[in-house]
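got a predicted model here, sequence first, then my questions.
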Amino acid sequence: MRDRAMIAFATLRAHWKLIGLALLLAVVGTLLLKLEARTADRDKWQTRAIAEEQAHKQTVANYRAASEEAQRQAQANVARVKADQAAITERTVNDYQARLAAVDARYDIVRRQIATQAHLSSSDPAPMSIAADATCRAYAGTDCDGLLAKLAIAERQAWNLVALREWVEDQGMVKVEPEQTRLQPSGGR
């Protein structure tokens, strides 16, 4: 056994450079395999990072576009609501003014009718007769012109309240919320 050990030792001594070279090649080969694996791993993660960055940029672009669209829709909605409210106000004012003109015309007709009854020979809406004035004073505490003026004021105020109530109701019926369009985010989420 000793001879064998001596032969092995002599062989080892003669070829020690080859054994060192073989060990060095084995280590280098292992390092190259690990380096190749790490390079492939690095490339895979780099590709993922680039894809994530692109997805993030696309998401940001989508949200910016959605935000701009929402702002555009909100501005359009505000314009629509203002136009609806202005139309309601204009319609209410026109109706109210027409009603007041009708009240004034009606009381002017009544005043003329009373005047013509008091002065059958005259069509001039002159002051009411003494008998008509006495009747008006008995009921209202004022002459007939004053009574008609008070009645006209009362009716104008009533129409004012009616017009205001209608205006408030109509304004309350204006739909202020825009149509909801649901934006779908990209990426299937």
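In hand now; what should we look at? Please read all numbers here as calculations on a predicted model, not as lab measurements.

quick one: list the elements packing against the helix ranked longest in the chain.
Secondary structure of the chain per DSSP state H: the longest helix is helix 16-118. Judged by 3 or more C-beta pairs under 8 Å, 6 or more residues apart in numbering; DSSP states H and E, helix 16-118 is in contact with helix 130-140, helix 144-172. Heads up, the C-betas are built off the backbone N, CA and C, glycines and all.

looking at those, which is nearest to Asn94?
Ranking the helices and strands packed on helix 16-118 by proximity to Asn94 (C-beta to C-beta) places helix 144-172 first, at 10.2 Å.

in the closest one, what's buried?
In terms of neighbour count (16 or more other C-beta atoms under 10 Å), helix 144-172 has its buried residues at Cys144, Asp145, Leu147, Leu148, Ala152, Glu155, Trp159, Ala163, Trp167, Asp170.

out of the residues you listed, which comes closest to Glu177?
Of all these, Glu177 sits closest to Asp170, with 17.2 Å by C-beta to C-beta.

tell me the pLDDT of the closest one.
With respect to pLDDT, Asp170 scores 94.

with the one 3 residues further on instead?
In this model, Met173 is scored at 92, pLDDT.

repeat for Pro125
49.

still on that earlier bit, distance to Trp45 added to the helices and strands packed on helix 16-118, as a markdown table?
Output for the helices and strands packed on helix 16-118, formatted as a markdown table (distance: least, C-beta to C-beta, whole Å):
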| stretch | distance to Trp45 |
| --- | --- |
| helix 130-140 | 97 |
| helix 144-172 | 60 |
